[in-house]
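**Q** predicted model, plus sequence, below.
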2 protein chains.
Amino acid sequence: MKSTNVADRVTAAALDLFATQGYATTSVQQIVEAAGVTKGAMYHYFQSKDDLLFAIYDRMLALQKAHLDQIVAAGGPVEDVVRAVCVDVVETSIDFLPEGTVFFRSMHMLTEPRLKEVTQRRREYHDEFAALLRQGQDAGVFRTDVPRPLLVAHFFSDVHYLSHWYSPTGPETKTEVAQQLTELFLRGIRTPAS
Amino acid sequence: MKSTNVADRVTAAALDLFATQGYATTSVQQIVEAAGVTKGAMYHYFQSKDDLLFAIYDRMLALQKAHLDQIVAAGGPVEDVVRAVCVDVVETSIDFLPEGTVFFRSMHMLTEPRLKEVTQRRREYHDEFAALLRQGQDAGVFRTDVPRPLLVAHFFSDVHYLSHWYSPTGPETKTEVAQQLTELFLRGIRTPAS
DNA sequence: CGCACCAAACCGACTGGACGGTACGTTGGA
DNA sequence: TCCAACGTACCGTCCAGTCGGTTTGGTGCG
């Protein structure tokens, strides 16, 4: 249907502009012009500018959660699962680099109830990852002399930072970066070799 | 002198508000009210709202550069130097957590010439760090099978991410976090034990 | 098939308020 | 008397959101 097309084009334009200019410095007028629609059409599908921002977060969070759940459900040796999760998160983050830029840069622009929701869903995601690390610790493959939240932060920092340095046109491919970052992380958190 | 006091109070208030609310959503009126001065007084010391933001960056960059140069100048075995640099960067970043928040969140709000300057000075800083890693690689203590820019990004990601999770009132002390993150990083980048 | 009807989709000029910056006046110390 | 250090009232601009109106596409009816 064509009606959805309008909403999609607006969302895409908003993502692009938010990523390059920032949320606050992007006017609704700019978005609708870039999307080739009118303000009236946009406000027919979205209640506010904030809606556009939240849509980006919602999509990103849902996607990450789905990926994580799927990999965890597949099972296997804990280190393999963690490795698969890390590689996937990095690759997905590279696939959605603009979303990542907006995600971390403009989170504080969300209105209160939505900010709470995003924070909550992100915490759940981190907790699920932390549970994996815990399994690894229980199995004796991951070190226990460093607080687990710090290990979690140590990994997600890499994911977070991707949008600050990675370029698809750069020398490294998505897969290479994912595997290299994952390996750096795993090497850091494994129990010292006996 | 009292005149400097006004500028200082404005800077402090701006930093606080920028860190908690973001640059774009903080009005000059809010800043001067929080600082207990008037708009006229503020515009006597600063040319624009942008000046306030840049002052934060300038201070931060100068401080980091000074620390780095000092540690490098002290010399020593390359791994010890890198370790000292990493620990110091993390500790300093924790000391200046609000600055860090503003730094990464609002960099894109700087006007063009200043954004260029900040980017430039940051690049110099990264290059100096990369040179240290290179020394370590030449000395055979750091791995060479991963692109150096990725190693640099891997470290600075942790620094960057601090303002997203670290709380001074949390369980971990500044020094602990600095040493633990540094060790995770070093363990990742060292040449595999023979 | 054609016509009447309606709801959803869409248009775009307009509003009301906020905000960065300025113009100009005032003060107080040297 | 002069100048730096302020204070205050105001201006021009911009922008999110609105609202009355128009178009369009589908549906039931004669």
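**A** Good, I have the coordinates.

**Q** where does chain A have low pLDDT?
**A** Flagging of chain A using pLDDT under 70 yields the residue ranges A:1-4, A:193-194.

**Q** quickly find the element holding the residue of chain A found nearest DNA strand C.
**A** Per C-beta to the nearest atom of the strand, the residue of chain A with the smallest distance to DNA strand C is residue A:40, at 2.1 Å. The C-beta positions use only the backbone N, C-alpha and C, and glycine is treated the same way. For residue A:40, the host element (DSSP states H and E) is helix A:39-45.

**Q** mind listing what's buried along the helix or strand just after that helix?
**A** The helix or strand immediately downstream of helix A:39-45 is helix A:49-74, counting by DSSP H and E. By neighbour count on 16 or more other C-beta atoms under 10 Å in any protein chain shown, the buried set for helix A:49-74 is A:49, A:51-57, A:60-61, A:64, A:67-68, A:71-72.

**Q** try stretch A:176-194
**A** A:177, A:178, A:179, A:180, A:181, A:182, A:183, A:184, A:185, A:186, A:188, A:189.

**Q** from the residues you listed, list the ones also adjacent to chain B.
**A** Filtering the buried residues of stretch A:176-194 for neighbours of chain B using C-beta under 8 Å from any C-beta of the partner chain leaves A:177, A:180, A:181, A:183, A:184, A:185, A:188, A:189.

**Q** let me see the contact set for the second one.
**A** When you say that, I think you mean residue A:180. Counting by C-beta atoms under 8 Å, 6 or more residues apart in numbering or on different chains, residue A:180 touches A:172, B:146, B:147, B:150.

**Q** skipping adjacent residues, who's closest to the last one in space?
**A** Residue nearest to residue B:150 in three dimensions, not counting chain neighbours: residue A:180, with 5.8 Å by C-beta to C-beta, 6 or more residues apart in numbering or on different chains.

**Q** quick one on the thing from earlier: filter the buried residues of stretch A:176-194 down to the ones in strands?
**A** Using DSSP state E, no member of the buried residues of stretch A:176-194 sits in strands.

**Q** show me which of the residues you listed neighbour DNA strand D.
**A** Restricting the buried residues of stretch A:176-194 to those touching DNA strand D (C-beta under 7 Å from any atom of the strand) yields no residues.

**Q** coming back round to it: mark which of the ones next to chain B among the buried residues of stretch A:176-194 are part of helices, please.
**A** A:177, A:180, A:181, A:183, A:184, A:185, A:188, A:189 (DSSP state H).

**Q** most widely separated two among these?
**A** Greatest spacing in these, by C-beta to C-beta: A:177 and A:189 (18.7 Å).

**Q** how about residue A:145, what does it touch?
**A** Per C-beta under 8 Å, 6+ apart, neighbours of residue A:145: none.

**Q** try it again at 10 Å.
**A** By C-beta atoms under 10 Å, 6 or more residues apart in numbering or on different chains, the contact set of residue A:145 is A:191, A:192, B:180, B:183.

**Q** same question, residue A:100
**A** A:19, A:60, A:92, A:93, A:94, A:159, A:160, A:161, A:162, A:163, A:164, A:166.

**Q** ok so, going back, between the ones next to chain B among the buried residues of stretch A:176-194, which is closest to residue B:32?
**A** Using C-beta to C-beta, residue A:181 is the member of those that lies nearest residue B:32, at 44.4 Å.

**Q** the closest one contacts residue A:90, doesn't it?
**A** Yes - under the criterion of C-beta atoms under 10 Å, residue A:181 makes contact with residue A:90 at 5.5 Å.

**Q** overlap of the contact sets of these two?
**A** Common neighbours of residue A:181 and residue A:90 (C-beta under 10 Å, 6+ apart) are A:155, A:158, A:159, A:162, A:166.

**Q** circling back to that earlier point, within reach of DNA strand D, which of the buried residues of helix A:49-74 are there?
**A** Okay, of the buried residues of helix A:49-74 touching DNA strand D (C-beta under 7 Å from any atom of the strand), that's residue A:49.

**Q** which one of the buried residues of helix A:49-74 is nearest to DNA strand D?
**A** residue A:49 (3.6 Å).

**Q** tell me how far the nearest residue to that closest one once chain neighbours are set aside lies from DNA strand D.
**A** Spatial nearest neighbour of residue A:49, chain neighbours left out: residue A:28 (5.5 Å); criterion: C-beta to C-beta, 6+ apart. Going from residue A:28 to DNA strand D by C-beta to the nearest atom of the strand, to the nearest Å gives 4 Å.

**Q** could you do residue A:185 as well?
**A** Distance, residue A:185 to DNA strand D, by C-beta to the nearest atom of the strand: 39 Å.

**Q** what does residue A:8 give?
**A** 18 Å.

**Q** how would you label residue A:120: helix, strand or coil?
**A** Following DSSP: H, G, I helix; E, B strand; the rest coil, the label given to residue A:120 is helix.

**Q** how many neighbours does it have?
**A** Neighbourhood size, residue A:120 [other C-beta atoms under 10 Å in any protein chain shown]: 11.

**Q** show me the contacts for it.
**A** Contacts for residue A:120 (C-beta under 10 Å, 6+ apart) come out as residue A:61.

**Q** that one and DNA strand D, how far apart?
**A** 23 Å.

**Q** quick one: stretch A:103-121 to chain centroid distance?
**A** 13 Å (C-alpha atoms, centre = their mean, to the nearest Å).

**Q** what about that stretch, how long is it end to end?
**A** Start-to-end span of stretch A:103-121 (C-alpha to C-alpha, to the nearest Å) is 13 Å.
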